[in-house]
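1. the following block contains a protein sequence and its predicted model.
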Amino acid sequence: MPRFLTLPLLLLLLAPHAKAAGEFYCCQDPTSGRRICGDSLPLQCRGQAYRILDSGGNVTKEVGPPLTPEQKAEQVAEARRRKQMEEEARELRRKDQALLDTYATPQDIDLAQGKAERDVMLAIRNAEASIEASRIKRQKFEAEAEFYKKKTMPAPLGKELRAIDHEIKVQQELIDVKKRELETIRAKYEADRKRYFELTGRAPDGTPLKRPASSSATR
């Protein structure tokens, strides 16, 4: 059967057997306000903050009161935030390593960007050439359509004009898409370039980046 005693009396009883005795538990009795201890957790300590002491009266562990539902919810939310931050940090490390594996020198970034831009610019030029060819072709059909201003235009002629207009529209939309893609490429490689210099600790001209002075140096 567990014994529940006040701390001074318990220590007095345990003193002759300090080396052989184990740990005991103490808390403040919420009813009487007195400290109460036992060789197992007293009933009065359940649901309360308590301390675990060794046979010499030294505190070996402090246990706080049970968490409220709000505290538990906040604890869960904090754990989720911490996990998300750890995942983001892990993903950043992965991307940084991939960046360093991809580019051995800053010139490698320039070469990669140049190739990506050339591919897009080629697609834009091809679309522009297609539009120009369609407009020249349309001019011929427009001249033919002049004869039908006061009469019904033949269906094949109207169909041809509509097909040309559709082709011009499609190619113009392609150009717009490629121009946005070009902006994305430039932004991507600029970000890669900036991060590369941050990771390697060197400026674009090859000189070491200046590190901010430490707080101890400014004191």
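-> Everything's here; your move. Numbers count the residues shown, from 1 in each chain.

2. drop to CA atoms for contacts and neighbour counts, all remaining ones
-> Noted.

3. helix/strand/coil for residue 57?
-> For residue 57, the assignment made with DSSP: H, G, I helix; E, B strand; the rest coil gives coil.

4. so which residues of the protein form helices?
-> With helices called from DSSP state H, the chain shows them at 7-14, 69-102, 106-145, 155-200.

5. how about the ones you listed in TSV, adding mean neighbour count, distance to residue 43 and mean pLDDT?
-> Shown next, in TSV, are those (neighbours: other Cα atoms under 10 Å; distance: least, Cα to Cα, whole Å; pLDDT from 0 to 100):
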stretch	mean neighbour count	distance to residue 43	mean pLDDT
helix 7-14	15	16	48
helix 69-102	12	23	94
helix 106-145	15	69	93
helix 155-200	15	58	94
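
6. can you say which of those is nearest to residue 51?
-> Minimum separation from residue 51 across the helices of the chain (Cα to Cα) falls at helix 7-14, 11.5 Å.

7. and this structure, what are its domain boundaries?
-> 4-63, 67-102, 104-200 (automatic domain parsing).

8. which residue is nearest the middle of the chain?
-> Centroid-nearest residue in the chain: residue 88, 3.9 Å away (criterion: Cα atoms, centre = their mean).

9. verify the stated contact: residue 51 with residue 63.
-> Yes - assessed by Cα atoms under 8 Å, residue 51 is found in contact with residue 63 at 6.0 Å.

10. what about those two, which has more around it?
-> Set side by side, residue 51 and residue 63 show more neighbours around residue 51, with 19 against 11, by other Cα atoms under 10 Å.

11. roughly how far does the nearest residue in space to that one that is not next to it in sequence sit from residue 26?
-> Closest residue to residue 51 apart from its sequence neighbours, by Cα to Cα, 6 or more residues apart in numbering: residue 62 at 4.5 Å. For residue 62, the distance to residue 26 equals 10 Å [Cα to Cα, to the nearest Å].

12. shared neighbours, those two?
-> 50-52 (Cα atoms under 8 Å, 6 or more residues apart in numbering).

13. and of those residues, the nearest to residue 80?
-> residue 50 (28.7 Å).

14. who does the nearest residue to that closest one once chain neighbours are set aside bridge with?
-> With sequence-adjacent residues excluded and distances taken as Cα to Cα, 6+ apart, residue 50 is closest to residue 27, at 4.5 Å. When assigned by DSSP bridges, residue 27 has beta-bridge partners residue 36.
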